[in-house]
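[1] quick one, what's the 3D model for this:
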Amino acid sequence: EVQLVESGGGLVQAGGSLRLTCVVSGARLDDYAINWVRQAPGKEREGVACIMSSDGSTEYADSVKGRFTISDDHAKNTVYLQMNSLKPEDTGVYYCAAVEHPSAAVIFRNHEYDAWGRGTQVTVSS
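    Model prediction:
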């Protein structure tokens, strides 16, 4: 059973950067697409980035394109989200979520994920 553990969240000023980490255990990273999904207070969860580890293909939500970069390290079975030029509207709990045997790197719908981490809080002050 795949397990996901996030870390790296925190409080940062607008314009700053953070790097989130998702450690994947219990499964081969190549068998999954890993997405970062965030939830702002009072809002539904929204996917922001995806990486399909078998070929390294990625996809981003329009709201983060050019600012966020998703990457992975197969040796460490870890996925990262580098977040630059952060805005107050990026505030929320960030989850990593996994889809097994994906056909492409896409922003999946919430009900399509096979596993979720517990999340890490990101707060961007203005």
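[2] check what pLDDT the nearest residue to Glu1 once chain neighbours are set aside gets.
    The shortest distance from Glu1 to any non-neighbouring residue, by C-beta to C-beta, 6 or more residues apart in numbering, is to Gly26 (5.3 Å). Bear in mind the C-beta positions are built from the backbone N, C-alpha and C, glycine included. With respect to pLDDT, Gly26 has a value of 93.
[3] would you say Glu89 is within a helix?
    Yes: counting by DSSP: H, G, I helix; E, B strand; the rest coil, Glu89 is located in a helix.
[4] residues near it, how many?
    11 (other C-beta atoms under 10 Å).
[5] and it, what's its pLDDT?
    96.
[6] pretty sure it sits against Arg38.
    No: with contact defined as C-beta atoms under 8 Å, Glu89 does not count as touching Arg38 (10.2 Å).
[7] next, the contact list for the residue nearest to Glu1, please.
    With contacts defined as C-beta atoms under 8 Å, 6 or more residues apart in numbering, the neighbours of Gly26 are Glu1, Val2, Gln3.
[8] can you tell me how far it sits from Asp90?
    Distance of Gly26 to Asp90, computed by C-beta to C-beta, to the nearest Å: 30 Å.
[9] quick check: His74 touching Asp30?
    Yes: using C-beta under 8 Å, His74 is in contact with Asp30, at 7.4 Å.
[10] now do the shared contacts for these two.
    Ser53.
[11] bridging across strands, which residues link to the most centrally placed residue in the chain?
    The centroid of the chain falls nearest to Trp36 when counting by C-alpha atoms, centre = their mean (1.9 Å). With DSSP bridges as the criterion, Trp36 is bridged to Ala49, Cys96.
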